[in-house]
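Give me the fold of what follows.
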Amino acid sequence: MKRLILLGLTSLTLFAGFIKAIADGVDEEVKAGSETEITLPDSIRDSFYAEINAGFQSLEPIFRKGCFDCHSTSTEFPWYHKLPIIGGMMDDHIKEGREHLDLTSGFPFSGSHGQLDLLGDIREEIEEGDMPLWSYRLMHWNASPDDAEKDSIFAWIDHSIALLKSNRPDSTE
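Here you go, the predicted structure:
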């Protein structure tokens, strides 16, 4: 009987340690700032998503001139897309662009990461001058946002990120 109780206590201790390790791992993930999907009630989440999307809609003309050809289903193909090798390369690039970030339906965006990461990626790519791509700018001279447009985009992104973070159920800020 003693042996059975000892075995039960040992199993319980191991199980509790296992559960604690899982919980600690989740806590560390949250502390590290990894993104979890928003799990708030739909009505609350939809209200701040609508606010973010309204900001995106006001900036859509800027995004249309430099982003939509590769990051939406509204691609306007140039004449040289009909050339076999170039067309295939463009199709591959557009496919990859949409997989990473798809602006077609507005916010929340479709893409390979969560919304916070996608917003951060947009900011980083524009800040570093990596988007739109140089090869795209070569044929679309007005594709890059000017300084005022960048400021508007960055203000919207900063506001959107702050709004998303303040409404995360695991937010400690």
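
what helices or strands is the helix or strand hosting Leu59 leaning on?
Leu59 belongs to helix 42-66 when assigned by DSSP states H and E. In terms of contacts (3 or more Cβ pairs under 8 Å, 6 or more residues apart in numbering; DSSP states H and E), helix 42-66 is packed against helix 147-166. Every C-beta, even on glycine, is put in place using the N, C-alpha and C of the backbone.

Residues touching the helix it packs on, excluding its own?
If you take Cβ atoms under 8 Å, 6 or more residues apart in numbering as the criterion, helix 147-166 is touched by 38, 48, 51-52, 55-56, 58-59, 62, 107, 115-116, 119-120, 122-123, 126-127, 145, 171, 173.

mind running it again at 10 Å?
With Cβ atoms under 10 Å, 6 or more residues apart in numbering as the test, helix 147-166 has contacts from 33, 35, 38, 45, 48-49, 51-56, 58-59, 61-63, 65-66, 107-108, 114-116, 118-124, 126-127, 144-146, 171-173.

Find the centremost residue of this structure, please.
Leu118 (2.1 Å; Cα atoms, centre = their mean).

helix or strand for it, which one?
Per DSSP H and E: helix 115-127 holds Leu118.

In the protein, what helix or strand scores lowest on average pLDDT?
helix 2-31 (a mean of 41; mean pLDDT, DSSP states H and E).

In contact with the residue nearest to the centre of the chain, which residues?
By Cβ under 10 Å, 6+ apart, the contact set of Leu118 is Glu35, His100, Leu101, Asp102, Leu103, Phe107, Pro108, Phe109, Ser110, Gly111, Ser112, Ile157.

Let's see that with 6 Å instead.
Leu101, Phe109, Gly111 (Cβ atoms under 6 Å, 6 or more residues apart in numbering).

Chain neighbours aside, what residue packs nearest to Asp130?
Distances taken as Cβ to Cβ, 6 or more residues apart in numbering place Glu124 nearest to Asp130, at 7.9 Å, with adjacent residues excluded.

picking up where we left off before, next, the angle from the helix holding Leu59 to helix 147-166.
Here helix 42-66 points in a direction 160 degrees away from that of helix 147-166 (axes from the mean of the first three to the mean of the last three Cα atoms, to 10 degrees).

Just the buried positions in helix 42-66, please.
By 16 or more other Cβ atoms under 10 Å, the buried positions in helix 42-66 come out as Arg45, Phe48, Tyr49, Ile52, Asn53, Gly55, Phe56, Leu59, Ile62, Phe63, Lys65, Gly66.

shouldn't the fifth one be in contact with Gly106?
Yes - using Cβ atoms under 6 Å, Asn53 makes contact with Gly106 at a distance of 4.8 Å.
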